[in-house]
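Q: coords below, sequence missing:
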């Protein structure tokens, strides 16, 4: 049996989603209502309803091509939904850009790593701090006192954030030359630097060895506890998903086929069918 | 104080420019016996300053912001034409009465040039905003073509502008066809005469050391602005958007804002260079600033290395100086110039030549010599105990 690192009681909401018991009564950090997108008639995601508690670790799983990354792209406004809405902390995000969604408190990592490879590790984190520690362009060009103060603050804060993953010694290394696992961790640090309420991780354990994955699980829980934020992750590594996720949502052909705790999901016949295929029964698209 | 890599690189760039300036000054003033710049060489100095500013500002747009611009000469043209008008206005209309009771211009020549450069830069920045808002929504090749078109529009508009000055009053007109604006400016002093270009009576066309010093100041100012911008919060945002737009958006960067920032800063600096260029010439015509000029500036940027500010400075100076030095070749001058260009491009980018270099390095005496040369800056620094890092970081000097 898979090892559980968390043990949370999940409580159903009126909107059929479930949230951890400690988050009951608090406004969900993310809520989607009938979210859907069509690409030229093909419904990539359809009727996607979910609620994520403010400190929940939530998993989004499903077979390849189920639409998991599309959901992330809808949440972060890379795509504009054709139907439905996304509420972040109770606020409607219709018509917003990716940048505005980030300022609302939604940060993400990417399945195919998207770091600023020519810049140093520290500069990558500083870019994440862009909207947190500010000074104007002219103050930067003419090196006003605000520049020195803010840069010092940025330096301190980025080392603090890097130290979550013990990467503070790599601050001056070019991001593109880091090993794969470190690049994934750096992406998480960069996302965290934007001070999000909800952190979206797209396959954070891809390409990591079991030891690194174990460490990553500990770190995700540590991040949640320290920053008091919600984490939503897409992952194929079931050890990770079953180990740390409190609520899990299973997607197949763009539709939610199951929602529940890890135990429920593992026993759900629809999920087993989606992953392993059915014998003699036709799959409904 | 800890000198980090970026700061050291910036200081080296400034040092190169200052040393080159001092060498030129020595040649002008004759500080050293036997070293005196020729008349033609002196005439090149101010245009070289202008081209350095243009190349660096275009590098900000193309190299740092990653947007291919083929219309840079347009901003230079706006700077040059508005510059001549502003300078004439400052000379004719902003007056004061001196001790002898005579009416004279309020500003001296140098002050007029400096004010003109600043105002022309602001006007070019305004043009940058107007052009940038629609154009920067496009990407890549499409943007390049649209900016090329904008450059041509500016050239065509400038081609029919008429400006004349009568006493202290300025008159403007547009000569759209042969029958429009007939008789404009009769009995007045023309400032911009349509397709015949500017008539600059504010500054003399002969070489003037003060103007060269202003040009040098403009280069230093440009380097200061661009290098400081790159190493600041805004510059990091600009480069992040260039490197990965989607990731930059996902961490909350306003893409349009930072693209505009780089574009408008580049346009303003180009306008400043244009103003100095226009005031340095007896006449400039709108046709001077066609797309050939934009391409020429782009060649400087590419040759110096896209994104490398120091490279742009050196490439601009060399490419402006080279045709003059090749004058002895007469008819073959531009041919040789083109060949030199091709060879340099190949030499810096060709894997074959890089392999050839690696092959040369296998010869032991050569390798030893090169390694000794590479270690030299570190040795010199150690000898003067420059910088107090004792953990032997001398190797990273290059």
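A: Yep, it's here. If you're wondering where the values come from, they're calculated on a predicted model, not measured in any experiment.
Q: how distant is the lowest-mean-pLDDT helix or strand in chain B from the center of its chain?
A: Least confident helix or strand, chain B: helix B:351-360 with a mean of 73, by mean pLDDT, DSSP states H and E. With C-alpha atoms, centre = their mean, to the nearest Å as the basis, helix B:351-360 stands 33 Å off its chain's centre.
Q: now swap in stretch B:268-285 and tell me
A: How far stretch B:268-285 lies from its chain's middle: 10 Å, per C-alpha atoms, centre = their mean.
Q: go on, stretch A:206-218?
A: 16 Å.
Q: go on, stretch A:169-189?
A: 18 Å.
Q: If you count neighbours, what's buried in it?
A: A:170-171, A:174-175, A:178, A:181-189 (16 or more other C-beta atoms under 10 Å in any protein chain shown). Where C-beta positions appear, they are placed from N, C-alpha and C, glycine not excepted.
Q: ok, then the element right after the least confident helix or strand of chain B?
A: Using DSSP states H and E, the helix or strand that follows helix B:351-360 in sequence is helix B:364-383.
Q: Would you map the helices across the chain?
A: By default, I'm working from chain A. A:68-75, A:98-104, A:121-128, A:137-141, A:145-162, A:180-193, A:210-227, A:238-244, A:262-267, A:269-276 (DSSP state H).
Q: Can you look at chain B instead?
A: Using DSSP H, helices in chain B cover B:5-29, B:39-59, B:72-93, B:109-135, B:140-158, B:209-230, B:233-243, B:245-250, B:255-280, B:291-304, B:309-325, B:333-349, B:351-360, B:364-383.
Q: need the contact list for the closest residue to residue A:97 other than its chain neighbours.
A: Ranked by C-beta to C-beta, 6 or more residues apart in numbering or on different chains and with sequence neighbours excluded, the top spatial neighbour of residue A:97 is residue A:77, at 5.9 Å. By C-beta atoms under 8 Å, 6 or more residues apart in numbering or on different chains, the contact list for residue A:77 reads A:86, A:93, A:96-98, A:100-101.
Q: For residue A:77, give me phi and psi.
A: Here is the backbone geometry of residue A:77 (degrees, to the nearest 10): phi 70, psi 20.
Q: Which pLDDT value goes with it?
A: As predicted, residue A:77 sits at a pLDDT of 94.
Q: Could you count how many residues lie near whichever residue of chain B sits closest to chain A?
A: Closest approach between chain B and chain A, counting by C-beta to the nearest C-beta: residue B:232, at 3.0 Å. Using other C-beta atoms under 10 Å in any protein chain shown, residue B:232 has 23 other residues around it.
Q: can you check residue B:210 too?
A: Neighbours of residue B:210 using other C-beta under 10 Å come to 12.
Q: So the residue nearest to it when sequence neighbours are not counted versus residue A:237, what's the distance?
A: Distances taken as C-beta to C-beta, 6+ apart place residue B:110 nearest to residue B:210, at 5.6 Å, with adjacent residues excluded. Residue B:110 sits at a distance of 70 Å from residue A:237 (criterion: C-beta to C-beta, to the nearest Å).
Q: between these two, who's got more neighbours?
A: residue A:237 (18 against 14).
Q: if I pick the residue nearest to that one when sequence neighbours are not counted, what's in contact with it?
A: Nearest residue to residue A:237, sequence neighbours excluded (C-beta to C-beta, 6+ apart): residue A:205, at 4.7 Å. Residues in contact with residue A:205, defined by C-beta under 8 Å, 6+ apart, are A:184, A:212-213, A:216, A:235, A:237, A:240.
Q: of all those, which two lie farthest apart?
A: The distance between the two most remote of the contacts of residue A:205 (C-beta to C-beta) is 13.5 Å, for A:212 and A:235.
Q: quick one, which of these two is more surrounded?
A: Between residue A:212 and residue A:235, residue A:235 has the larger neighbour count (other C-beta under 10 Å), namely 23 against 17.
Q: ok, and the closest non-adjacent residue to the more buried one?
A: Spatial nearest neighbour of residue A:235, excluding adjacent residues (C-beta to C-beta, 6+ apart): residue A:241 at 5.1 Å.
Q: is it true that that neighbour touches residue A:57?
A: No. Counting by C-beta atoms under 8 Å, residue A:57 is not a contact partner of residue A:241; they are 9.8 Å apart.
Q: Compare these two (neighbour count), which wins?
A: Taking other C-beta under 10 Å, residue A:241 and residue A:57 do not tie; residue A:57 has more neighbours (29 against 22).
Q: does the nearest residue to that one once chain neighbours are set aside have beta-bridge partners, and which?
A: Once flanking residues are discounted, residue A:57 sits nearest to residue A:231: 4.8 Å by C-beta to C-beta, 6+ apart. Note on residue A:231: beta-bridge partners residue A:57, residue A:199, judged by DSSP bridges.
Q: Return the residues in contact with residue 64.
A: Let's take chain A. Per C-beta under 8 Å, 6+ apart, neighbours of residue A:64: none.
Q: I was after chain B.
A: B:226, B:230, B:235, B:238-239, B:242, B:262, B:307.
Q: wait, which of the helices of chain B is closest to residue B:199?
A: helix B:72-93 (7.8 Å).
Q: What are the buried residues along that closest one?
A: In helix B:72-93, counting by 16+ other C-beta under 10 Å, buried: B:72-92.
Q: show me the contacts for the residue nearest to residue A:57.
A: So residue A:231 contacts A:56-58, A:198-199, A:201, A:220, A:223-224 (C-beta under 8 Å, 6+ apart).
Q: and for residue A:241 and residue A:57, which residues touch both?
A: With C-beta under 8 Å, 6+ apart as the test, residue A:241 and residue A:57 both reach residue A:233.
Q: Break the chain down into its structural domains.
A: Chain wasn't specified; assuming chain A. A:1-99+A:197-203+A:227-285, A:106-195 (automatic domain parsing).
Q: think we crossed wires, I meant chain B
A: If you go by automatic domain parsing, chain B breaks into B:5-154+B:198-337, B:350-398.
Q: Just send those back as JSON lines, with distance to residue B:168 too.
A: JSON lines is the format used below for the domains of chain B (distance: least, C-beta to C-beta, whole Å):
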{"stretch": "domain B:5-154+B:198-337", "distance to residue B:168": "4"}
{"stretch": "domain B:350-398", "distance to residue B:168": "57"}
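Q: Contact residues of the stretch 251-398 of chain B facing chain A?
A: B:251-255, B:261 (C-beta under 8 Å from any C-beta of the partner chain).
Q: try it again with 7 Å
A: By the rule C-beta under 7 Å from any C-beta of the partner chain, the part of the stretch 251-398 of chain B lying against chain A is B:251-254, B:261.
Q: Now, those that are in strands?
A: If you go by DSSP state E, those have nothing in strands.
Q: can you list those in CSV and add neighbour count and pLDDT?
A: Output for these, formatted as CSV (neighbours: other C-beta atoms under 10 Å in any protein chain shown; pLDDT from 0 to 100):
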residue, neighbour count, pLDDT
B:251, 27, 95
B:252, 28, 94
B:253, 25, 95
B:254, 19, 95
B:261, 20, 96
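Q: ok, and the closest non-adjacent residue to residue B:90?
A: Distances taken as C-beta to C-beta, 6+ apart place residue B:112 nearest to residue B:90, at 4.8 Å, with adjacent residues excluded.
Q: swap that for residue B:48, sorry
A: The nearest residue in space to residue B:48 (C-beta to C-beta, 6+ apart) is residue B:320, at 4.8 Å.
Q: what's the neighbour count on residue A:155?
A: 15.
Q: What distance do you get for the nearest residue to it once chain neighbours are set aside to chain B?
A: Closest residue to residue A:155 apart from its sequence neighbours, by C-beta to C-beta, 6+ apart: residue A:122 at 7.3 Å. According to C-beta to the nearest C-beta, to the nearest Å, residue A:122 and chain B sit 10 Å apart.
Q: Residue A:122: what's it in contact with?
A: By C-beta atoms under 7 Å, 6 or more residues apart in numbering or on different chains, the residues touching residue A:122 are A:158, A:171-172.
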